[in-house]
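Student: Need a 3D model of the following:
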Amino acid sequence: MKVLITGGAGFIGSHVVRRFVKNHPDYKIVNLDNLTYAGNLENLIDVAKETNYIFEKGDIQDQNLIEQLFQNYQFDGVIHLAAESHVDRSISDPFAFARTNIIGTMVLLHVSVNAWKDNFENKRFYHISTDEVYGSLGESGFFTEETPYDPNSPYSASKASSDLFVRAFGETYGLPYVISNCSNNYGPNQFPEKLIPLFINNIIHKRPLPVYGKGENTRDWLHVEDHANAIDVVFHQGKNKETYNIGGWNEWKNIDLIHLLGNLMDNKLRRKSGDYQRLITYVKDRPGHDLRYAIDASKIAKELGWKPKYTFEEGLQQTIDWYLSNSEWLSNVTSGAYQDYYKNQYLDQ
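Tutor: A predicted model of the protein is given here:
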């Protein structure tokens, strides 16, 4: 089987690429990534020389490139993770999110249909999305696969739109697809603009910990390796034209998560208990900030037998240990020096 994984040098994508390369040695895995600020080939050094792995640099909006890749590799499947994904960035530059998340997805869909239209058998287009497309929950209830879309940020609107285009291409052209919507991911290799790695980095360097509003926004947290495992399961066992919600059954208010993380960090860094608290800085809430997300992951558990393996404290301990043991990686990504890896590895030879 020949599989195109888009965004495979990013946080979630690199864990998915690694899993597929190692767990499916008879597959040919092609990783397409544009290596923007969050794409980092250092995330995949351990599999870079595997014989069933190939890296291609490029933009999913480049139709000529995508067509050439399909011609060269004759893909049987696409696992589409490439996306702009940070809500704050979507507020400052919504057009970038529309271009990548909507137009880029449409290019992949269009090329896939044209490449496979004579025989859709044993082909699959797997689109990875987010729980943010559902909008905001009150103090109770959960997102299910039947929850109406109600996006509140340019990011979630762009992802909701891309989800709908996937479904439209399935209905209109017969493209065999699956979609999954996941909750907040955490774990090793996450770019430090997201809450957990940002706060780990800031606690290490004794920088302010910016908390939106009163810190009462609630999120469901899922370890990235559990998500990669779920993607593997859905890709191979999911039913065509189905959506699967992937969550951790693990809700935390931001402020409670910060206290848990801070206490663990103080202990790891051998600092006085509660030392992190002086770094907490409450800032003005961002526009359209959803109050609560919570995923009902019972469908994927019942139909496909998947459930998360990590407890939150176990996963958080592992994540903190990884960042503390990979200070050079953290320094490189925060300085932008990680871009030099691609330049040295591929351009200066």
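Student: For the closest residue to residue 272 other than its chain neighbours, what is the enclosing helix or strand?
Tutor: Leaving out its chain neighbours, the residue that sits closest to residue 272 by CB to CB, 6 or more residues apart in numbering is residue 266, at 6.9 Å. Yep, even glycine has a C-beta here, placed from its N, CA and C like the rest. Assigned by DSSP states H and E, residue 266 falls within helix 254-268.
Student: In that helix, which residues are buried?
Tutor: For helix 254-268, a neighbour-count test (16 or more other CB atoms under 10 Å) marks 254, 255, 257, 258, 259, 261, 262, 264, 265, 266, 268 as buried.
Student: From residue 291, how far out is the closest residue in space to the first one that isn't next to it in sequence?
Tutor: Meaning residue 254. If you skip the residues right next to it in sequence, residue 254 has residue 215 as its closest partner in space, 4.5 Å away by CB to CB, 6+ apart. Distance check for residue 215 against residue 291: by CB to CB, to the nearest Å, it reads 12 Å.
Student: neighbour count winner among these two?
Tutor: More crowded of residue 215 and residue 291, by other CB atoms under 10 Å: residue 215, with 18 against 13.
Student: what does the model give the residue nearest to residue 254 for pLDDT?
Tutor: At residue 215, the pLDDT value in this model is 93.
Student: Helices of the stretch 101-250 of the chain, residue ranges please.
Tutor: Along the stretch 101-250 of the chain, counting by DSSP state H, counting those that start in this stretch, helices occupy 104-116, 154-173, 195-204, 224-237.
Student: hey, C-alpha coordinates of the second one in PDB?
Tutor: Put plainly, it is helix 154-173. Only the C-alpha atoms of helix 154-173 are listed here, as PDB (Å, rounded to 0.1, in the frame of the first residue of the first chain):
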ATOM      1  CA  PRO A 154     -11.700  31.600  11.500                       C
ATOM      2  CA  TYR A 155      -9.800  28.400  12.300                       C
ATOM      3  CA  SER A 156     -12.800  26.300  13.200                       C
ATOM      4  CA  ALA A 157     -14.800  27.800  10.300                       C
ATOM      5  CA  SER A 158     -12.000  26.800   7.800                       C
ATOM      6  CA  LYS A 159     -11.900  23.300   9.200                       C
ATOM      7  CA  ALA A 160     -15.700  23.000   9.200                       C
ATOM      8  CA  SER A 161     -15.700  24.000   5.500                       C
ATOM      9  CA  SER A 162     -13.000  21.500   4.600                       C
ATOM     10  CA  ASP A 163     -15.000  18.700   6.400                       C
ATOM     11  CA  LEU A 164     -18.000  19.600   4.300                       C
ATOM     12  CA  PHE A 165     -16.000  19.600   1.100                       C
ATOM     13  CA  VAL A 166     -14.800  16.100   1.900                       C
ATOM     14  CA  ARG A 167     -18.400  15.000   2.400                       C
ATOM     15  CA  ALA A 168     -19.500  16.700  -0.800                       C
ATOM     16  CA  PHE A 169     -16.700  15.000  -2.900                       C
ATOM     17  CA  GLY A 170     -17.900  11.700  -1.400                       C
ATOM     18  CA  GLU A 171     -21.500  12.300  -2.400                       C
ATOM     19  CA  THR A 172     -20.900  14.000  -5.700                       C
ATOM     20  CA  TYR A 173     -18.000  12.000  -7.100                       C
END
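Student: before we move on, the earlier item: would you mind saying which of the helices of the stretch 101-250 of the chain lies nearest residue 39?
Tutor: Minimum separation from residue 39 across the helices of the stretch 101-250 of the chain (CB to CB) falls at helix 104-116, 13.6 Å.
Student: Mind giving me the packing neighbours of the closest one?
Tutor: helix 63-73, strand 77-80, strand 124-130, helix 154-173 (3 or more CB pairs under 8 Å, 6 or more residues apart in numbering; DSSP states H and E).
Student: Mind checking what secondary structure residue 29 has?
Tutor: Residue 29 falls in the strand class when you classify it by DSSP: H, G, I helix; E, B strand; the rest coil.
Student: beta partners of it?
Tutor: residue 3, residue 53 (DSSP bridges).
Student: By mean pLDDT, flag the weakest helix or strand of this structure.
Tutor: The weakest-scoring helix or strand in the chain, judged by mean pLDDT, DSSP states H and E, is helix 339-342 (a mean of 55).
Student: Now the weakest link among the helices of the stretch 101-250 of the chain, please, by mean pLDDT.
Tutor: Looking at these, the weakest mean confidence is helix 195-204, a mean of 94.
Student: re the thing from before, can you verify my assumption that the residue nearest to residue 254 contacts residue 282?
Tutor: Yes - Residue 215 lies in contact with residue 282 (CB atoms under 8 Å); the separation is 7.3 Å.
Student: CA atoms of stretch 220-233 as PDB?
Tutor: In PDB, the C-alpha atoms belonging to stretch 220-233 read as follows (Å, rounded to 0.1, in the frame of the first residue of the first chain):
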ATOM      1  CA  ASP A 220     -10.700  17.500  26.600                       C
ATOM      2  CA  TRP A 221      -7.100  16.400  26.400                       C
ATOM      3  CA  LEU A 222      -5.800  13.500  24.300                       C
ATOM      4  CA  HIS A 223      -2.200  12.200  24.200                       C
ATOM      5  CA  VAL A 224      -0.800  12.500  20.600                       C
ATOM      6  CA  GLU A 225       0.300   8.800  20.600                       C
ATOM      7  CA  ASP A 226      -3.300   7.800  21.500                       C
ATOM      8  CA  HIS A 227      -4.500   9.900  18.600                       C
ATOM      9  CA  ALA A 228      -2.000   8.400  16.200                       C
ATOM     10  CA  ASN A 229      -3.200   5.000  17.200                       C
ATOM     11  CA  ALA A 230      -6.800   6.000  16.600                       C
ATOM     12  CA  ILE A 231      -5.800   7.300  13.100                       C
ATOM     13  CA  ASP A 232      -4.200   4.000  12.300                       C
ATOM     14  CA  VAL A 233      -7.400   2.200  13.400                       C
END
